[in-house]
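> sharing a model prediction with you, sequence too.
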Amino acid sequence: MTPPARGSLVACRDLFQIYRLAGHEVVALQGVDLDIARGELLALLGPSGAGKSTLLALVGGLERPAAGRVWVDGQDLARLPEAALTAFRRGRVGFVLQTPARNLLPYASAVQNLELPMRLAGVPAARRRERARALLAATGLQASGGRSVRALSGGEQQRLAVAVAVANEPPLLLADEPTSQLDRGNAARVLELLRVLRDQTGTTVVMVTHDPEAAEAMDRTVSIRGGRVGAEGRGGVEYAVVGPTGLLQLPAHALEVLPPGARALVEVGDGPVLLHPVEPPDEASR
Amino acid sequence: MRTISREAFGGLWLAVRALVARAGLTLALTALTAFAVGVAAAGAMYLRAAGESLLQDRLAATSPFSAGLLVERRVATSTEVERLRQLLRHDPRLAVPALTAPLFGLESEGFLTYSRPGNSDGPRARIAAREGLCGHLRLAAGRCPAAGAQDQPMQAAVSPRMARRLGLRPGSRLEATTLRGEAVAPGLVVTGIYEPTPTDPWWGMRAYFPPPPERGGGSDPPIDAVLVDHTALLRELDRSLTRNLSVTAERALDPGRVRLSNATALVGAVTQFRREAWASAGGTRVESRLPSLVDQARLDRRALTTPVLLATVQLDALAMLMLLVVARMAADARAGEIALAKLRGASSRQAFLLATYELTVVTLLAFPLGLAVGWGGASALARVQLRPGVPVAVTLPALGVAAVVSVVALAAAALAGTGQVRRRVLALWRRERPEPGTRHGLVPELALLAAAILGMVSLRLGGPRQGGGWDPVALLAPALAVLAGGLLAARALPALAGGLVRANAGSRSLAIYLAARQVARRGGAALRVVVLLTAAFGLVAFAVTVRQDQRRNHHDRAWTEVGAARALQVRLPPGMRGERIAAVADPGGRQLLPGLRTGAAVAFSGTPFTLLGVDPDRYGRVAFWREDFAGQPLGRLLAPLRPTARVPPPELGPAEEIEVRLAADSVALSAPPELTAELLGEDGRIIQVLLGPVRPGRHAYRAVVGAGGAASTESYRLLRLRLDESEELAGVTGVYRFEAVRARQGDRWRLIGGFDPDRWYVRSAQGRVLPTTAAAGSGALVIALHRDPEARVTVNSAAVPEELPAVVTTGLLEDTGQAVGGLLSVRDAQGTLLKLKVTGVARALPGTDGAFVAALVDLDGLLLYGRDTRLAGRAHLWAAAGPQADAAVGRLERLGVEIEQDLTAGQRRADLGRQAPALALLLLVLGAAAAAVLATGGMMLHLYLDGRRRRFELAVLDALGARHRDQWLPLALEHAVLVGWGVLAGGAVGLATALVVLPAVPQFLDPPRVPPALHLPDWPVLTVGAGLALALVAAGLSLVVAGLVRAARPELLREEVL
């Protein structure tokens, strides 16, 4: 198994995850290989059920993989004891979830929400207060510190959620569709906040999204299809990714020529690799 | 350590904020926990208070002096008196705070004979003195006696009886002589005439005022005491009354200072007192009923313990179930927060604390609240049921039990918290159900069901369990049964709903289909709440059924024991008989029932039983009767008791003296039999007149009728003549010829008649009719007793029945082995042999004070046959219920009847209601009702919380343009099915449990043998109760559904709101 690349914060190798649902098993991930560099802004793309959120849960230490390895900041999460995994979640990773209200205690104030992860981490009170003030300032919620979460708008709640997620200054921030329930303006502010965080603290951000505009704001996009990494995008260009067993997922527009089940001849030239759609002889004769 | 406390406080603010945010759930949780704590504490507090009440009842039923302490000692000199006084007053070892200071008195050992100077004959009475006499003596004339000068006659107060007998007035001189004939020098002088006040408790246990003797008794019993000053009598002790006096010291008990807590110490102190008093002055009599009273109170309390425990255990089991369900609901409500905390890296300990903090805070809040609720409930119950003024205190056991319940509540919280902490974050978010393998499955439920069935079977087969004591099966079986019933009902509901879905698949009714479908797919929380509701209403139905059953049986028992609405013992005006005065006051015969209740015994076995003589016609109209008492209608049962026409006993008319002419032959001169005449007075009394020993030859035997030979205008009838052996085993032998009877009034003798064999018959002491011969033409009756000497021979008027027809109880038949038509030989209270001919059998005879062994006969027959003189001048009277009967009793009083005892069936029923099982059942009913209200509240809360999650579904229907009815009706139907099923299934389970258990758990019922208990559900009460419960539940549901439908607006569909 290839070890994590130098400089990468997250490395997934041949990652498998299986769920048991209503009496049958669902393979959510089937051999994901992925490296994420420190300070990178990464968007995970893909259709519903592709395995994006599952990948996020594995990288965040919420679940253990059925097979494969996942390293975060040098720690092999699959082999970490439960207590260490909890400590990892406490200090090394922050989460922002899709529904703003789910990220926060609804009955607590903004400051109290901000202090909760620090309290769990045993941060002294003075430091907590100072850090909470700074985070509120960073998210533009200085005036809302004492207000109850219920009194905040959806956009404010999500910005507060981001602040809560980075309260313990984790090197990795995982966000699961953080802008999907926000209007364009609020979504933009949240994305800007993520970028500022990365720029100021070097936090690596991994964000699941369906929104192309949100994806464009990221340094890199990774498309997950059928539980595998299908493509990668950088600078507006999408690249197919060859898997460890040579598996290659064609981009959507190529599937019109080579639909699933079609046969192709692979011609490897000096530079390009060409795929020629063909019909096998026995089927042609029929 | 600092970290832990910081975390603890940090968690506390979160918990408090969460509690405030979820006010409804918090309120429900706090109420339930407080209820559980309160019930447990109330049980203990109530038990204590009820014990105190029973103790106070016991003490109140006894006079303070009787419950206190009596020290009595015969003394020779005043020095001895002083020594005893010093000991009792000042010895610290004898200090008992609950006993009042000793009240000293002196009295003569026996009776002195009093007379006017120069006349040696006079009445006998005690001479007595008591400290503080003048404060309690009610004077009719003159003044209270004082100490007087040493050589002057002793000043004395006498009663009107003494004054009448000796013609005394204030200033009269009086002489007194002791039993040994010694004169009390220097005599007495009357300073006052006092009115006897025997009911004044100040006289303590001293019986200085005996009731007036019966007229015709023939003897001259002692009369009211002569009361003198204490110092004067003490002085006389050293002179003429040496060794003739006793000193008494009485200490009354102050019941207000006796509590269960100090009763043991008090009894110990009294015992010590006795020991010390005995040691300091041998021969001293020390009496106190306190130890036995306290023992009785302890027994009462022990009898109360099991039923109260039974009620408390069942209520607490239900409360625990509620706690578990609601704790689970609370934990579910917090699933998102726990998940968030775990997501943020909370350790297991931190997550656990977060999960349990709220419930911990709730428990801490509920503890004092529960104690307050328990105290309030116990106080309210005590006010209704217990003796007024009995304190309800928060005792240590109550605190302990409350603490245990709180710990259990915390354990429930911890259990629910642990469950949440163990689940994965994603599972918590997704609200996944536990995997089938981890879900608590059928096994515990089957175990519970098996335990319930075993318990019920054991109860049924084990038969009644009398008295108190621990009986785990009886304690737990009913609660287990309703709980198991609840589980079955909850399991059956989805299946039934599934069937309804299939049945309505093609139906146009969307509402029924949707509602049934929702119920069919319900699980987890909803079914747990159904279990809770079923168990709560099951317990209510069980408790109400049992209590109603008990109340009805108490009613029947009270009425059977009392006999009718009221039972009176009355003192009749002179010359009046009970049946006569009843006929005057109630000529219609529907309001009053005169009768005579007396003790008797089966002749051969000696088994005591109650003999009741009544007018059969009036008995049928006035007395309580239940159809199952006899196998035939009451009228037919009583018909054979009605007297047939009899020859009346010969009437002497007004008589002062009676004469019997008797010729005797072959009479044993060494031990001649004694001849006695038994006369029937106008008031029904039977008077015995001793005519003297029979002498050989023909003689006229004469005796005075009436007391002291005073002129009498009372009319008598001759019932019988009696020949009794004069010495034991001497026997009555010889030939006796009874010739004639004469009576004298003034100077004139009148011939009453002879002894016609048609009008007289002779019986032996064993009830055998002895052969007689008639002396031709003379009207004389001849008895020859040669072969078999008899202990007693009676020559009876034909009016005296040879056999009394009687209706007897099954108990009497069982004891004698007789059958209907058989003859029972019994002896009345005076030993007279009666023959009862059994004409009917009843399982109970009202009016016999609940006797299992009793017989009912015609009153006239009993009076003629028996010789019960104890009730002379008195009568038993029963009165029907209602104003007409009260008016008849009023007429009785206006006719001069004095009511000595008045017992009503209502009072008796109230007394039964204050006994242990009834007290415990009331606790169970009220507790179960409160539990049902809370369970219903919990169900409503669940439905509301669940409904809030389903507002989206309603909003979608609204957005799709569904009719208003199609929105609320399925929801309302679904909720109504869940709640209605819980209420009705619970009611059915509780009722069934009660019907199975009722005959077998006398801890609830305290069933008497008479009358036999009936166990039939009180359908009207149960129906009204079920209707009321359903109406309340429907009202609550309407509010919930209306609130949900109002809140389900299409705006909800905006994602941001969701």
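Received the coordinates, thanks. What you are looking at is a predicted structure, and each value in this text was computed from that prediction instead of being measured.
> hey, let's count contacts and neighbours off CA atoms from now on
Noted.
> how about the residues of chain A near chain B?
Residues of chain A found near chain B (C-alpha under 8 Å from any C-alpha of the partner chain) are A:62, A:83, A:86-91, A:94-95, A:102-105, A:107-108, A:117, A:119-122, A:154, A:165, A:181-182.
> so residue B:197 belongs to a strand, correct?
No - counting by DSSP: H, G, I helix; E, B strand; the rest coil, residue B:197 is not found in a strand; it is coil.
> tell me, how many residues neighbour it?
Applying other C-alpha atoms under 10 Å in any protein chain shown, we find 14 other residues in the vicinity of residue B:197.
> kindly report the same for residue B:610.
For residue B:610, using other C-alpha under 10 Å, the count is 24.
> where does it sit: helix, strand or coil?
Secondary structure of residue B:610, per three-state DSSP, is strand.
> quick check, pLDDT for it.
pLDDT recorded at residue B:610 is 90.
> and if you look at residue B:905?
92.
> dump the residue contacts of the residue of the stretch 251-400 of chain B found nearest chain A.
Among the residues of the stretch 251-400 of chain B, residue B:345 lies nearest to chain A; the distance is 3.7 Å by C-alpha to the nearest C-alpha. Counting by C-alpha atoms under 8 Å, 6 or more residues apart in numbering or on different chains, residue B:345 touches A:86, A:87, A:88, A:89, A:90, A:91, A:117, A:120, A:121.
> now it: closest residue in space, sequence neighbours ignored.
residue A:90 (3.7 Å; C-alpha to C-alpha, 6 or more residues apart in numbering or on different chains).
> same deal with residue B:291?
Distance criterion C-alpha to C-alpha, 6+ apart; nearest residue to residue B:291, sequence neighbours excluded, is residue B:267 at 5.5 Å.
> doesn't residue B:289 make contact with the one you found?
No - the pair residue B:267 and residue B:289 does not pass the contact test of C-alpha atoms under 8 Å, sitting 9.8 Å apart.
> pull out the buried residues from the residues of chain A next to chain B.
The neighbour-count test (16 or more other C-alpha atoms under 10 Å in any protein chain shown) marks A:62, A:86-91, A:94-95, A:102-105, A:107-108, A:117, A:119-121, A:154, A:165, A:181-182 as buried among the residues of chain A next to chain B.
> in what helix or strand does residue A:50 lie?
Taking DSSP states H and E as the definition, residue A:50 sits outside all helices and strands.
> surely the residue of the stretch 251-400 of chain B closest to chain A forms part of a helix?
No - the assignment for residue B:345, made by three-state DSSP, is coil rather than a helix.
> quick one, domains of chain A?
Here the domain parsing of chain A from automatic domain parsing is A:8-249, A:250-286.
> could you look up the SS state of the residue nearest to residue B:291?
helix.
> that older thread, out of the buried ones among the residues of chain A next to chain B, list just those in helices.
A:86, A:87, A:88, A:89, A:90, A:91, A:117, A:119, A:120, A:154, A:165 (DSSP state H).
> could you check the pLDDT of residue B:1055?
With respect to pLDDT, residue B:1055 scores 41.
> picking that back up, count the neighbours of the residue nearest to residue B:291 for me.
Neighbour number of residue B:267 under other C-alpha under 10 Å is 20.
> residues touching it, list them.
By C-alpha under 8 Å, 6+ apart, the neighbours of residue B:267 are B:290, B:291, B:294.
> residues touching whichever residue of chain A sits closest to chain B, list them.
With C-alpha to the nearest C-alpha as the measure, residue A:90 is the residue of chain A nearest to chain B, at 3.7 Å. Listed by C-alpha under 8 Å, 6+ apart, the contact partners of residue A:90 are A:117, A:120, A:121, A:168, B:343, B:344, B:345, B:346.
> one step back: ok, the residue of the stretch 251-400 of chain B closest to chain A to residue A:171 distance?
15 Å (C-alpha to C-alpha, to the nearest Å).
> got it, and residue B:136?
Relative to residue A:171, and taking C-alpha to C-alpha, residue B:136 is found at 100 Å.
> neighbour count winner among these two?
For residue B:136 and residue A:171, the more surrounded residue by other C-alpha under 10 Å is residue A:171, and the numbers stand at 21 against 13.
> residues touching that one, list them.
Going by C-alpha under 8 Å, 6+ apart, the list of residues near residue A:171 reads A:38, A:92, A:93, A:202, A:203, A:204.
> what residues does the stretch 301-450 of chain B put near chain A?
Contact residues, the stretch 301-450 of chain B versus chain A (C-alpha under 8 Å from any C-alpha): B:336-337, B:340-347, B:350, B:424-426.
> possible to save these as CSV with pLDDT and distance to residue B:124?
Output for these, formatted as CSV (pLDDT from 0 to 100; distance: C-alpha to C-alpha, whole Å):
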residue, pLDDT, distance to residue B:124
B:336, 78, 97
B:337, 80, 96
B:340, 83, 100
B:341, 83, 99
B:342, 82, 100
B:343, 82, 103
B:344, 82, 103
B:345, 81, 103
B:346, 82, 99
B:347, 81, 98
B:350, 80, 94
B:424, 75, 100
B:425, 74, 101
B:426, 71, 103
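> so residue B:104 makes contact with residue B:246?
No - Residue B:104 lies out of contact with residue B:246 (C-alpha under 8 Å); the separation is 10.5 Å.
> any shared contact partners between these two?
With C-alpha under 8 Å, 6+ apart, residue B:104 and residue B:246 have no common neighbours.
> please enumerate the helices of the stretch 101-250 of chain A.
Listed in chain order, the helices of the stretch 101-250 of chain A (DSSP state H, counting those that start in this stretch) span A:110-120, A:125-138, A:154-165, A:184-201, A:212-216.
> deepest of those, which one?
Compared across these, helix A:154-165 shows the largest average neighbour count, a mean of 27 (mean count of other C-alpha atoms under 10 Å in any protein chain shown).
> quick check: angle from it to helix A:184-201?
Here the directions of helix A:154-165 and helix A:184-201 differ by 20 degrees (axes from the mean of the first three to the mean of the last three C-alpha atoms, to 10 degrees).
> tally of neighbours for residue A:276?
12.
> ok, now which ones touch it?
Contacts for residue A:276 (C-alpha under 8 Å, 6+ apart) come out as A:264, A:265, A:266, A:267.
> surely the third one is in contact with residue A:273?
In this case it means residue A:266. Yes - the pair residue A:266 / residue A:273 is scored as a contact, 6.9 Å apart, by C-alpha under 8 Å.
> let me know how buried residue B:931 is, in neighbour terms.
When neighbours are counted by other C-alpha under 10 Å, residue B:931 comes out with 28.
> which helix or which strand is home to it?
Per DSSP H and E: helix B:916-949 holds residue B:931.
> one step back: what's the closest of the contacts of residue A:171 to residue B:898?
Lowest distance from residue B:898 to these (C-alpha to C-alpha) belongs to residue A:93, with 97.9 Å.
> done for today, thanks.
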